[in-house]
Every structure is written in C-alpha cells, then in structure tokens.
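> Quick check, what structure comes out for this input:
(one chain, ligands or ions: 1)
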Amino acid sequence: MSKSFNLSALVRSNILSLAPYSSARSEFSGSASVWLDANESPYNGPYNRYPDPLQKQVKERLSAIKGVDARRIFLGNGSDECIDLVYRVFCEPHTDNVVAISPSYGMYEVCADINAVAYRKVSLAADFDLDADALLAATDAHTKVIWICSPNNPTGNAFSAEAIEKVLSGFSGIVVVDEAYADFSSQPSMLTRLDVYPNLIVLQTFSKAWGSAGVRLGMAMASEEILSLFNKVKYPYNVNMLTQEYALRHIDRMPEVEQWINSILSERSRLIAALDALPQVVHIFASDANFVLVLVVDADGIYTHLQQQGIIVRNRNKVEKCLGCLRITVGTPEENNAVINGIKSYDIK
Ligand SMILES: *Cc1c(COP(=O)(O)O)cnc(C)c1O
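Numbering: from 1, shown residues only. So this is what the prediction gives:
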C-alpha cells in the first residue's frame, strides 16, 4: 500500500467539482433505429455517426490481452494525451510540481511547461539506474506526480520492480510508470500491481511494439476512480472511429505482433554485437527497448555521416548524461546492416 493515499486531496478542486460535457452518445447509448439526437448527417454511414466516447469494444478486447479489467483501461489520442491529462487533472498551474527522472521522455517536461507546472529533475545514477530515495527526497507538499519511464527513453534500461515499488509505497501522490517499451523488456510490467497501489498509473501504447504509431492510440491503466477523472476532462470523442475500427482489427493480429517483437529482439542482440566490434563505438548501454543508446567517438560527425547516406538516427549528444551518444532504433535486418556499415565507414580522425 502507498502511504496515506487520498485521491480527492490530490485532484485540482475545479476538476473535482467539474460538471463534464454531456454528449448525445453518453446520454443515450442503447439500441435504436432512428437517431435524431446528435445533429449528425443521415448520409455517409458509418462515418456520419459520432464514435463510442468510451471505446467499450476496444477496451473489452484489450482487457483480455492485458489481464486488466476493462473499467481500469483509458484510451487516449496516443500516450501523449494521457500524459497531458495527468497534469490537467492533478496539477494546479503555478502552484504544484512534479518530479521526474532525468534524462527521460521529453513530453513530460513539455506538458509541464504548457500547464505551468514546475518540473523537478532527478538525475539517474551513472549506470542509469533509478535512485528511489533521491526521487522521494525531491518531493514536497506540492508534488502531485512522480514520472518513471521503464524501460527508459533514451537510456533503454528498465528499472527493477523493487525500486519502482519503493517509490509507489513511499509517496502519497500519483506515480506514473510509462511502459511504452514494456513488450521488449525482461522486467515484469507493473500492471499486476494495480490492485496493490491506488496511486499507480501505467501507460502503454500502440505506437512501438504494436507497430501502429500512425493511428495515435495510447492506454492508461489505473483505478476506476482515477480514470473517471480522466474521462471527465478528456475531449468527448477523443478516439475517432477509424482508430477504434483499426484497433479491433489489429488486436486480431497479435500472433503476428509477437513475431515482430521476437525479430526485433534477435536483431537487437545482433546489432549490439556488430556495433560493439567497431572502433567508432566506445560503449553500448544495456537495452530493454527497441533501440540502443551508443556512445561513439564523435556523435555529431557520425550523425552527419549517416545522414549523408540517407540513414537517420537520433542524436542525443546534447541530452544530460548522454553526451557523445546516438540513439539507434532496431529496424529490419537490412536497415540494421545499413546503419552498421554506415558507422563502420566513418573515418576516425
Ligand atoms: C514513444 C513513446 C511514447 C508513445 O507515445 P504515443 O503518444 O503513444 O505515440 C510514450 N512514452 C515514451 C517514453 C515513448 O518513448
């Protein structure tokens, strides 16, 4: 259990008392033959109709895959919507703050800035490990949220369940664990801990292992009480009909998705071994994700050299604790060969 968790004390008072927009589809969602309640066109079915505001069919299917009750699943326009909702629900602008590991995913800080919420960074240890005590020590009475990304972007490593649970049990605010890369990780998902920690929000996404970044669909899994606040604040029809239809079809393709993941994992091992043998590569950090963070002899030079060959990686040379590093996504065998040969052909000065 987390210590003294009191959800209503964490929520912004205007959100707690908010009367949410009541859409036609939330006022009546049963079956009927004549729909004249939403000012929709009678032509161009089925896209003339507003989509299910709570995406019930998609959540039922996801529930079976994730082993999480459908009432504990929220769907957003990418995880990015879920990240923004955390601020809008819990963080009073110009007053509250959040604590996050650094370096980590850039959207946590951008959304904090947009919402005028102070963003407190706690550096990861030299080996990129999580220091639970340092995170807890950075909180104060105005800290509403702690952000943990595991496996972490851009470092690639996953944190132990013990360290994450130390944060969950030592903090009386919300702890978000962003598991965008969980399908590539050897560490267990925190989804199984939802029953134990009422302050836990787990984020996952269709964008990475599930190969669907283009459709914009992210998941937040948490208590029904937390998700009812998300549902009050979100746009009424935040996940469009095309995306919901796509999700239902895509969930039927999970055996294929499993093959993609296995192929990426074996390519990750091969990429690491091949890069490790190159004199241009100084160090490769351990990865639980579909990318590797690589310390090279000249990050800017190699980045430009690759770009000239039409190969784009992410230059992380300016990011805290990632000086000299490139972040390379694991691609197909051909794409990985291209990046290996591209780096190999860089002349060390
Ligand atoms: C890519 C990524 C996401 C995905 O965001 P979507 O909006 O769902 O595409 C979320 N968190 C992290 C850490 C990521 O790297």
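
> Tell me the residues of this structure that contact the ligand?
Contacts of the chain with the ligand, taken as CB under 6 Å from any ligand atom, map to 78-80, 105, 149, 153, 178, 180, 205, 207-208, 213, 218. Just so you know, the C-beta spots here come from the backbone N, C-alpha and C atoms, and that holds for glycine as well.

> Tell me which of those fall in strands.
Among those, the members falling in strands (DSSP state E) are 149, 178, 205, 218.

> got TSV for those residues, with neighbour count too?
Below are those laid out as TSV (neighbours: other CB atoms under 10 Å):
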residue	neighbour count
149	25
178	27
205	25
218	22
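
> Okay, now the unreliable bits of the stretch 101-250 of the chain?
Counting by pLDDT under 70, the stretch 101-250 of the chain contains no low-confidence segment.

> just curious, which of the ones in strands among the residues of the chain next to the ligand is nearest to residue 198?
Checking those against residue 198 by CB to CB gives residue 178 as the nearest, at 18.6 Å.

> For the closest one, name its beta-bridge partners.
Taking DSSP bridges as the rule, residue 178 bridges to residue 149, residue 203.

> Can you list the residue ranges for strands in the stretch 51-200 of the chain?
73-76, 97-102, 118-123, 143-149, 174-178, 200-205 (DSSP state E, counting those that start in this stretch).

> Each with direction, which strands does the second one pair with?
Right, strand 97-102. strand 118-123 (parallel), strand 143-149 (parallel).

> Keeping just the C-alphas, turn that strand into CSV.
Output in CSV follows, covering the C-alpha atoms of strand 97-102 (Å, rounded to 0.1, in the frame of the first residue of the first chain):
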residue,chain,number,x,y,z
ASN,A,97,5.2,20.5,-9.1
VAL,A,98,6.1,17.1,-10.5
VAL,A,99,9.3,15.0,-10.0
ALA,A,100,10.8,13.0,-12.8
ILE,A,101,13.9,11.0,-13.6
SER,A,102,16.4,12.6,-16.0
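
> Could you tell me the angle between it and strand 174-178?
Counting by axes from the mean of the first three to the mean of the last three CA atoms, to 10 degrees, strand 97-102 lies at 30 degrees to strand 174-178.

> I'd like to know the beta-bridge partner residues of residue 75.
Taking DSSP bridges as the rule, residue 75 bridges to residue 219.

> Do I have it right that it meets residue 57?
No: using CB atoms under 8 Å, residue 75 is not in contact with residue 57; the gap is 11.0 Å.

> More neighbours: the two, which one.
A side-by-side neighbour count of residue 75 and residue 57, using other CB atoms under 10 Å, places residue 75 first with 24 against 15.

> residues in contact with that one?
Contact analysis of residue 75 by CB atoms under 8 Å, 6 or more residues apart in numbering lists 55, 58, 59, 217, 218, 219, 238, 239.

> mind listing the helices for this protein?
In the chain, the helices defined using DSSP state H lie at 7-10, 13-16, 24-27, 56-66, 79-90, 107-114, 132-137, 161-170, 224-233, 241-251, 254-276, 299-308, 333-344.

> Would you point to the one among those helices that's packed deepest?
Highest mean neighbour count of these: helix 79-90, a mean of 22 (counted as mean count of other CB atoms under 10 Å).

> for that one, the distance to its chain's centre please.
With CA atoms, centre = their mean, to the nearest Å as the basis, helix 79-90 stands 11 Å off its chain's centre.

> Convert the C-alpha atoms of it to CSV, please.
Taking Å, rounded to 0.1, in the frame of the first residue of the first chain, the C-alpha atoms of helix 79-90 are listed here in CSV:
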residue,chain,number,x,y,z
SER,A,79,0.0,8.2,-24.7
ASP,A,80,0.7,11.9,-25.1
GLU,A,81,-2.9,12.7,-24.4
CYS,A,82,-2.7,10.6,-21.2
ILE,A,83,0.4,12.5,-20.1
ASP,A,84,-1.3,15.8,-20.6
LEU,A,85,-4.4,14.6,-18.7
VAL,A,86,-2.2,13.8,-15.7
TYR,A,87,-1.3,17.4,-15.5
ARG,A,88,-4.7,18.8,-16.2
VAL,A,89,-6.4,16.6,-13.6
PHE,A,90,-3.8,16.8,-10.7
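
> So what touches it?
Here helix 79-90 makes contact (CB under 8 Å, 6+ apart) with 10-12, 15, 74, 76, 96, 98, 107-108, 111-112, 114-115, 117, 144-145, 173-174, 176, 178, 180, 201, 203-205, 207, 218-220, 229-230, 233-234, 238.
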